[in-house]
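Q: Output the structure for:
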Amino acid sequence: MARKQPPQQPPPVQRVRLRYAKRGNLRFSSSRDFSRAFERALRRASIPMAFSSGFSPHPRISYLNAVPTGMSSEAEFVDIGLAENREIPQIVDGLNSALPTGYRILAARELDGSPELPMEASKWLIATPGDVSAQIAELNAAQTWVVRREEKNRDVDVRPAILSLVPVEGGFELISKLEAPLVRPDDVLRALGVDPALASCKRLEQGAYVNGDVVSPL
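A: Next up is the predicted model:
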């Protein structure tokens, strides 16, 4: 006998986009680690989540372009659907009181259905153990630059994904495309001849690429 379909869940009455940071030792936490901590924080903060329909309902949460494990970020985004309206400051304060130290909600806004800015690029600040300005000049002048991803035993051309690569004190600033195949900061570090284990990567922003810079979707 076929299982009876469960009743359909109502759609969210409010959709909110949150910007959060991933700092300190929690940069080593995975996307799954964050999702578990975030869902616990939603429950502890009594955020009235909307749920999906079906036999295994899930809270309506959508994560956008999570930072790779081991890298810190000031520009992570997550969308949530609520079953009841809440004031934005109430949501932010409630989550920050419930999240572990190292995760921090920085800002939030209600999604009203208007067109969203595309997620086109990430902006990174990368600290290196030595000066890499000469290697950066060489990479910027190249048309292609292939590196080997040892963990997947495959080659990737990093050059087409680089929108901006500028040396700064202590390292460099990178703006890279968010498209498949995704080029990560560690790929660019290998292209520059730097061991990724000796570098420190922080995402400063992600969003639309406008006039040579990255504009937040928030």
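Q: surely residue 186 meets residue 196?
A: Yes: using C-beta atoms under 8 Å, residue 186 makes contact with residue 196 at a distance of 3.9 Å. For the C-beta atoms, the positions are set from N, CA and C on the backbone; glycine is no exception.
Q: Pick out whichever of these two has more residues nearby.
A: In this view residue 186 and residue 196 are compared by other C-beta atoms under 10 Å, and residue 186 has more residues nearby, 21 against 18.
Q: What's the separation between the more buried one and residue 82?
A: Between residue 186 and residue 82 the computed distance is 37 Å (C-beta to C-beta, to the nearest Å).
Q: longest helix of the chain?
A: When the chain is parsed with DSSP state H, its longest helix is helix 31-44.
Q: can you give me how far that helix is from the chain middle?
A: Centroid separation for helix 31-44 versus its chain: 15 Å, with C-alpha atoms, centre = their mean, to the nearest Å.
Q: Against which helices or strands is the helix or strand following it packed?
A: The first helix or strand that comes after helix 31-44 along the chain, using DSSP states H and E, is strand 61-64. Where contact means 3 or more C-beta pairs under 8 Å, 6 or more residues apart in numbering; DSSP states H and E, strand 61-64 is packed against helix 31-44, strand 72-82.
Q: Of these, which stretch is the most buried?
A: Comparing the helices and strands packed on strand 61-64 by mean neighbour count (mean count of other C-beta atoms under 10 Å), strand 72-82 comes out on top with a mean of 21.
Q: now that strand: mean pLDDT?
A: Strand 72-82 carries an average pLDDT of 94.
Q: what's that strand packed up against?
A: strand 14-22, strand 61-64, strand 200-210.
Q: try 10 Å
A: Under the contact definition 3 or more C-beta pairs under 10 Å, 6 or more residues apart in numbering; DSSP states H and E, strand 72-82 sits against strand 14-22, helix 31-44, strand 61-64, helix 88-98, strand 103-110, strand 121-127, strand 200-210.
Q: just how off-centre is that strand within its chain?
A: With C-alpha atoms, centre = their mean, you get 7 Å for strand 72-82.
Q: and it with strand 14-22, angle?
A: Relative orientation of strand 72-82 versus strand 14-22 (axes from the mean of the first three to the mean of the last three C-alpha atoms, to 10 degrees): 160 degrees.
Q: How many residues are close by the closest residue to residue 46 other than its chain neighbours?
A: Closest residue to residue 46 apart from its sequence neighbours, by C-beta to C-beta, 6 or more residues apart in numbering: residue 94 at 7.0 Å. Counted with other C-beta under 10 Å, the neighbours of residue 94 add up to 18.
Q: So which bits of stretch 43-59 are buried?
A: 45, 47, 49-50, 59 (16 or more other C-beta atoms under 10 Å).
Q: I misspoke; the intended subject was stretch 207-218.
A: Neighbour count says stretch 207-218 has 207, 209, 214-215, 217 buried, by 16+ other C-beta under 10 Å.
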